[in-house]
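Chemist: My questions concern the predicted model and sequence given below.
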Amino acid sequence: MSKVSVIIPCHNVEKYLPTCLNSVLNQTLDDIEVLAIDDHSTDNTLKILYSFQKEYSTKLRVFSLQESRGVSAARNLGLKYTQGEFIGFVDADDVISLNMYKDFYDVAKARQVSVVVGNCERIEDWQYSHQETFFTTEVQREGYVEYIKCARDFFGESPACWDKLFSHSLIENSRFLEGRVFEDVGFTYPILLKAKEAYELIRYDYLYRYTPGSITKGLHVPNIKILDMLEICLNMKYLEKAYNFDSKQRILLEDCIHERLLRSLSLLSDWKLPIDEKNKIFQKMITLYEYYFPDFRKFTTPYGNILFADLAIRFQGFIPEKILTLDEIEKYKEDVLKLVKSLENSSYS
């Protein structure tokens, strides 16, 4: 068993992959295994992976999917074969500091926690495009966090899985929901609540590359994938039972679900559509959300009120007239799917 396993999903990333692999394979932590999963790339990604595997045969394991199934499927395959005591995730177009996993692992062992939380810095497409490496030494903030007692820290936590280190025993059989965007939300938040606690080591160990055509950019154009958040939240409700959460954990997860549904609604404000069309989609999505989550409007934290106020300012007629019947809900759902699908931007990926 290695001290740390790092899972890297890869899809058509020949431009950035060598820099990413160098930063992960040359970590100051020697006892590390790297699992790179090629998601049926059509460029030289797989060729680059095999080239690095020859040089780092004791550290790097390469897997190849026979058809493109997305980042969640690639990560799940890695989780199936990982053997490390702790598990980390890195996206193939990003870069990490050379001392990231040694420091995170040392903190996890010294503090006896199952999660160590870091931070990221966004870089542009052209930055770190060669073989640059960097170390991080300054800690901006550090300390123990107990999410159950300090809910604001839980809600302020990024849903990203790649700026964190998780114990293998904590993850167990947890997996990412495949074929959906927002996949980190449904994986990370339940895991953090399951852990109940973490140790923060907040500094810029992770460089997140903001690239053209990314999902983050794609969500700002009309696209049906915005409805994936509903399925993510429904899956989190299932995990609430599977993890046998107590009352405090359930309350925090419910608030997390409501907050994420509201955030997905707020994405509509950036869509380049007439306000009446936005409101039409907005009302129908609210109806869907409120059917599956009848207490959709109930928050135990003040943060929900801020989101509600923000949406009320940007959208007319925020309050739906009534809660519809199941038949009407299904009709609305089909209507929303058709309407947004017809506006889908073909460049989105």
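Modeler: Great, that's in hand.
Chemist: Pick out the residue nearest the middle of this protein.
Modeler: Nearest to the mean C-alpha position of the chain, counting by Cα atoms, centre = their mean, stands residue 184 at 2.3 Å.
Chemist: so it touches residue 164, yeah?
Modeler: No: counting by Cβ atoms under 8 Å, residue 164 is not a contact partner of residue 184; they are 10.1 Å apart. Where C-beta positions appear, they are placed from N, C-alpha and C, glycine not excepted.
Chemist: related to what we said a few turns ago, leaving out sequence neighbours, find the closest residue to the residue nearest to the centre of the chain.
Modeler: Nearest residue to residue 184, sequence neighbours excluded (Cβ to Cβ, 6 or more residues apart in numbering): residue 159, at 4.5 Å.
Chemist: Identify the residues contacting the one you found.
Modeler: Residue 159 makes contacts with 182, 184-185, 188-189, as judged by Cβ atoms under 8 Å, 6 or more residues apart in numbering.
Chemist: Now do the longest helix anywhere in the chain: distance to the chain's middle.
Modeler: Counting by DSSP state H, the longest helix found in the chain is helix 247-266. Averaging C-alpha positions (Cα atoms, centre = their mean, to the nearest Å) puts helix 247-266 15 Å from its chain's average.
Chemist: Which secondary structure elements does the helix or strand that comes right after that helix sit against?
Modeler: Note on helix 247-266: by DSSP states H and E, the next helix or strand toward the C-terminus is helix 275-292. Where contact means 3 or more Cβ pairs under 8 Å, 6 or more residues apart in numbering; DSSP states H and E, helix 275-292 is packed against helix 228-242, helix 247-266, helix 326-342.
Chemist: For the shortest one, buried residues please.
Modeler: Okay, so that is helix 228-242. Neighbour counts over helix 228-242 (16 or more other Cβ atoms under 10 Å) mark 228-230, 232-233, 235-237, 239-240 as buried.
Chemist: what would these look like in TSV with pLDDT and distance to residue 59?
Modeler: Shown next, in TSV, are the buried residues of helix 228-242 (pLDDT from 0 to 100; distance: Cβ to Cβ, whole Å):
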residue	pLDDT	distance to residue 59
228	91	34
229	92	37
230	93	40
232	95	33
233	95	37
235	95	33
236	96	34
237	94	39
239	95	32
240	94	37
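Chemist: so which of those would you say is closest to residue 97?
Modeler: Using Cβ to Cβ, residue 232 comes nearest to residue 97 of the buried residues of helix 228-242, at 30.0 Å.
Chemist: From residue 141, how far off is the closest one?
Modeler: 29 Å (Cβ to Cβ, to the nearest Å).
Chemist: How about residue 280?
Modeler: 44 Å.
Chemist: Compare those two (neighbour count), which wins?
Modeler: Using other Cβ atoms under 10 Å as the criterion, residue 280 and residue 141 rank with residue 280 on top: 16 against 9.
Chemist: Per-residue pLDDT of the more buried one, please?
Modeler: For residue 280, the model assigns a pLDDT of 82.
Chemist: With residue 323 instead?
Modeler: The model reports residue 323 with a pLDDT of 56.
Chemist: So residue 237 sits against residue 258, correct?
Modeler: No: Residue 237 is beyond contact range of residue 258, at 11.6 Å (criterion: Cβ under 8 Å).
Chemist: The residue nearest to the centre of the chain belongs to a strand?
Modeler: No: applying DSSP: H, G, I helix; E, B strand; the rest coil, one finds residue 184 to be helix, outside a strand.
Chemist: could you list every residue that touches it?
Modeler: Taking Cβ under 8 Å, 6+ apart, one finds 159-161, 176 in contact with residue 184.
Chemist: ok, now with 6 Å
Modeler: By Cβ atoms under 6 Å, 6 or more residues apart in numbering, residue 184 lies in contact with 159-161.
Chemist: Please enumerate the strands of this structure.
Modeler: For the chain, the strands defined by DSSP state E cover 4-10, 32-38, 60-64, 86-89, 95-96, 115-124, 141-146, 164-167, 197-210.
Chemist: For the last one, buried residues please.
Modeler: Spelled out, it's strand 197-210. 197-201, 203-209.
Chemist: partners of it, with directions?
Modeler: Its sheet considered, strand 197-210 pairs with strand 95-96 (antiparallel), strand 115-124 (parallel), strand 141-146 (antiparallel) by DSSP bridges.
Chemist: Buried deepest among those strands, which one?
Modeler: strand 95-96 (a mean of 25; mean count of other Cβ atoms under 10 Å).
Chemist: what's next to it, contact-wise?
Modeler: The contact list for strand 95-96 (Cβ under 6 Å, 6+ apart) reads 19, 23, 128, 205-207.
Chemist: how about stretch 57-72 as PDB, C-alpha atoms only?
Modeler: The C-alpha trace of stretch 57-72 is given here as PDB (Å, rounded to 0.1, in the frame of the first residue of the first chain):
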ATOM      1  CA  SER A  57       7.300   2.400 -14.300                       C
ATOM      2  CA  THR A  58       7.200   2.000 -10.500                       C
ATOM      3  CA  LYS A  59       4.900   4.900  -9.900                       C
ATOM      4  CA  LEU A  60       2.600   5.300 -12.900                       C
ATOM      5  CA  ARG A  61      -0.200   3.000 -13.900                       C
ATOM      6  CA  VAL A  62      -2.100   3.700 -17.100                       C
ATOM      7  CA  PHE A  63      -5.700   2.700 -17.900                       C
ATOM      8  CA  SER A  64      -7.600   3.200 -21.200                       C
ATOM      9  CA  LEU A  65     -11.300   3.400 -21.600                       C
ATOM     10  CA  GLN A  66     -12.600   1.900 -24.900                       C
ATOM     11  CA  GLU A  67     -15.200   4.700 -25.300                       C
ATOM     12  CA  SER A  68     -15.400   8.200 -24.000                       C
ATOM     13  CA  ARG A  69     -17.400   8.100 -20.800                       C
ATOM     14  CA  GLY A  70     -16.500  11.400 -19.000                       C
ATOM     15  CA  VAL A  71     -14.400  12.500 -16.000                       C
ATOM     16  CA  SER A  72     -16.600  10.700 -13.400                       C
END
